[in-house]
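Provide a 3D model corresponding to the input given below.
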Amino acid sequence: MTDDWRGWQEAAETALYGDGGFYRSPEGPAGHFRTSVHASGLFAAAVARLLVRTAGELGTGSVDLVDLGAGRGELLTGVLAALPAQGGDGLSVRAYAVELAARPRGLDPRVQWCAQPPQGVRGLLFANEWLDNVPTPVAETDPDGVDRYVLVRPSDGTERLGEPVSGADARWLSRWWPSAGPGGRAEIGRPRDEAWARAVSTLSGGLAVAVDYMHLREARPPFGTLTGFRAGREVRPVPDGSCDLTSHVALDACAAAGGPAAEIRTQREALHGLGISGGRPPLSLATSDPAGYLRALAGAGEAAELTEPGGLGGFGWLTQRV
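Got it, this is the predicted structure:
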């Protein structure tokens, strides 16, 4: 990696996905941060229920499941294990893990490992915390009110302002993230819109779902959200391959790019609709079935974490029907 000044999109692309990049490391994302997939098997069970529901809507006993940004296949492994209990016994599932890193050893042989989403699938395309890792340009408004690209030095994360934002990027900012004034920053989400539109286009029928940190046009953060994560801790974002680089997603812009029939809900709302509420089991169960009560109590705690409004429950679920 050279130490020339670069735009954030180019620098992050190399740092995350280039040779020796962060997402090619053996430990995978789970070694650095905890997603809903890692928090509880209930999340995979909910996705399994959604897959069964999608198959029913398509009127088929054979369905595709595509996991975009599959990590090391944790979600697909959990979904395939949960299917019988979620009404999917007998459902034929073709599972695809879309990931740039090498296939992990010991992964369920039913999972096909690929670098790009397969075309023409019918079923459920699921992208959990994928869009936030699609690199974007970063803009900052200078003292004269001009939106300029932010350049970064990969070795240490030092920044400076570059050329004025122009063309499609300027149009995106004007529509989706107008400047808050001098010193204001924004992540230009156009590459994410395009990535999501391409992902949705691979479906010939079914449902595409993106789950991620989100913000909407009426409440954009005035100074952006770009940050880094390493070994479970938030760190200063430096595009040298040593940390994750992430920023929240303008999910409403992605929804508009993906086409009609889009809906945005919180994870709390989406999981409640899939039978995960976090309610405590009745105390009477503690007397009649103490072991069952403890299991139910543990499950309620995990469900509460997945649906907590100030945490994972506040994530956005963008659902797009095809």
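
Grab the CA positions of stretch 166-173 and hand them over as CSV.
Output in CSV follows, covering the C-alpha atoms of stretch 166-173 (Å, rounded to 0.1, in the frame of the first residue of the first chain):
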residue,chain,number,x,y,z
SER,A,166,-19.1,17.2,-8.4
GLY,A,167,-21.2,15.3,-10.7
ALA,A,168,-23.3,12.4,-9.4
ASP,A,169,-21.8,12.7,-6.0
ALA,A,170,-22.9,16.3,-5.7
ARG,A,171,-26.4,15.4,-6.9
TRP,A,172,-26.6,12.7,-4.3
LEU,A,173,-25.6,15.0,-1.5
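
Just the buried positions in that stretch, please.
Within stretch 166-173, the residues that qualify as buried are 169, 172-173, counting by 16 or more other Cβ atoms under 10 Å. C-beta here means a position set from N, CA and C on the backbone, and glycine is covered the same way.

need those in CSV with distance to Glu57, can you?
What follows is these, written out as CSV (distance: Cβ to Cβ, whole Å):
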residue, distance to Glu57
Asp169, 38
Trp172, 33
Leu173, 37
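
In helices only, show me these.
169, 172-173 (DSSP state H).

immediately after the helix or strand harbouring Leu42, which helix or strand?
Element membership of Leu42, judged by DSSP states H and E, is helix 41-58. The helix or strand immediately downstream of helix 41-58 is strand 62-68, counting by DSSP H and E.

What lies in contact with the helix or strand that comes right after that next one?
Counting by DSSP H and E, the next helix or strand C-terminal to strand 62-68 is helix 74-82. By Cβ atoms under 8 Å, 6 or more residues apart in numbering, the residues outside helix 74-82 that reach it are 30, 37-38, 41, 43-45, 47-48, 51, 65, 67, 70, 88, 93, 95, 97, 107-108, 110-111, 126, 128.

Just the buried ones from those?
For those, buried by 16+ other Cβ under 10 Å: 37, 41, 43-45, 47-48, 51, 65, 67, 70, 88, 93, 95, 97, 107, 111, 126, 128.

is it true that Ala39 touches Thr307?
No. Ala39 lies out of contact with Thr307 (Cβ atoms under 8 Å); the separation is 10.8 Å.

more crowded one of those two?
Regarding Ala39 and Thr307, a neighbour count based on other Cβ atoms under 10 Å identifies Thr307 as having more, with 23 against 14.

quick one, what contacts the more buried one?
267-268, 271-272, 276-278, 313 are the contacts of Thr307 under Cβ under 8 Å, 6+ apart.
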